[in-house]
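sequence first, then the predicted structure:
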Amino acid sequence: MKEYLVFRLYGPMASWGVPAVGGDRATAIAPARSALLGLLGAALGITRDNAAKLEALQQSVSFGVKQCVPSSILRDYHTAQVPSEKRGVTHLTRKSELSEAKLNTVLSSRDYRCDGLWIVAVWLRADTQVTLSAIKYALEKPAFPLYLGRKSCPLGLPLSPKTFETETLQQALDTDFPPVVSEQSDKYWFGANGFVTYFWEGATTEFDDELTQSYQPWDEPVHRGRWQFKQRTMHQLTLREAK
């Protein structure tokens, strides 16, 4: 038996960052590890400049995710004003950036997931400096506002975190939450197509299925100041949802 903390993520819009090329900002289909670490850090009240606590949190937790519905893609044409880089000048706030006399306009396209619903399971690693009970309390009463990848993507429902012990990760991710819409509706779970997708890190044997696929996303934070990430191994499996 292993103890898990399980919570639900839903919002009208979400954006899970992936490596960007040029002016396009794509989104993954499920929350990246860096996004989940950021969400827990914000809930716990860890500021972005507290590298030691962020590193401790990163080394303490692992994640599994269940995508309940495929969601749909929305692309936003985005413009932003930014100052030119100057040697010896560092802007710590957006207000400071906009105070420059000369600003440049940056054009980009940003993708969002609409009406996505994900179940997230958190478990502790061997060398941990946090507890699941502390994380649960923080998710119930977060120190900073929580959002789904971008500040423009607020939560649409309470996280409803729960802690309990199960024999498998799949049992934890299959935890029941109150329906998003009426159970009598024909669009229960927003008309899911009958399949769910699981994403997890660790051993492939968490799910006993030969259809498990593995890949290496670039979402493990290395240096937040320089916005650097490294690859890690992630596993994915799509199954027909049990009734």
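That came through, no problem.

number of nearby residues for T238?
When neighbours are counted by other Cβ atoms under 10 Å, T238 registers 13. Yep, even glycine has a C-beta here, placed from its N, CA and C like the rest.

excluding chain neighbours, what is closest to it?
T197 (4.6 Å; Cβ to Cβ, 6 or more residues apart in numbering).

quick check: buried residues in the helix or strand hosting the one you found?
For T197, the host element (DSSP states H and E) is strand 195-200. Buried positions in strand 195-200, judged by neighbour count with 16 or more other Cβ atoms under 10 Å: V196, T197, Y198, F199, W200.

also stretch 159-175?
For stretch 159-175, using 16+ other Cβ under 10 Å, the buried residues are L159, P161, T166, L169, Q170, A172, L173, D174, T175.

do I have it right that the last one meets T163?
No. With the criterion set as Cβ atoms under 8 Å, T175 and T163 do not qualify as a contacting pair; they are 10.7 Å apart.

joint contacts of the two?
Common contacts of T175 and T163 (Cβ atoms under 8 Å, 6 or more residues apart in numbering): V6.

moving C-terminal of the helix ranked longest in the chain, what's the next helix or strand?
Longest among the helix segments of the chain by residue count, using DSSP state H, is helix 33-44. For helix 33-44, the following helix or strand on the C-terminal side (DSSP H and E) is helix 51-60.

coming back round to it: now, the buried residues of stretch 159-175 that are in strands?
T166 (DSSP state E).

need the buried residues of stretch 159-175 in a markdown table (columns: pLDDT and distance to V82).
Shown next, in a markdown table, are these (pLDDT from 0 to 100; distance: Cβ to Cβ, whole Å):
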| residue | pLDDT | distance to V82 |
| --- | --- | --- |
| L159 | 96 | 33 |
| P161 | 97 | 37 |
| T166 | 94 | 47 |
| L169 | 95 | 42 |
| Q170 | 93 | 45 |
| A172 | 95 | 42 |
| L173 | 95 | 40 |
| D174 | 93 | 45 |
| T175 | 91 | 43 |
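
in the buried residues of stretch 159-175, find the pair that's most separated.
Farthest-apart pair in the buried residues of stretch 159-175 is L159 and Q170; separation 20.5 Å (Cβ to Cβ).

backbone dihedrals for the residue of the chain positioned farthest from its centre, please?
Distance to the chain centre peaks in the chain at A101, reaching 36.6 Å (criterion: Cα atoms, centre = their mean). Backbone torsions of A101, given as degrees, to the nearest 10, read phi -70, psi -40.

tell me the pLDDT of it.
For A101, the pLDDT comes out at 82.

W200 too?
93.

count of residues packed around L124?
L124 has 18 neighbouring residues, counting by other Cβ under 10 Å.

same question, the one 3 residues further on
Look at D127: counted by other Cβ under 10 Å, it has 8 neighbours.

pretty sure it is in a helix, no?
No. Applying DSSP: H, G, I helix; E, B strand; the rest coil, one finds D127 to be coil, outside a helix.

ok, T90 to E97 distance?
10 Å (Cβ to Cβ, to the nearest Å).

neighbour-wise, which of these two wins?
A count of neighbours by other Cβ under 10 Å puts E97 above the other of T90 and E97, at 14 against 7.

going on from the helix or strand the more buried one falls within, what's the next piece of helix or strand?
Assigned by DSSP H and E, E97 belongs to helix 94-98. Heading C-terminal from helix 94-98, the first helix or strand you meet, by DSSP H and E, is strand 103-124.

brilliant, that's me finished.
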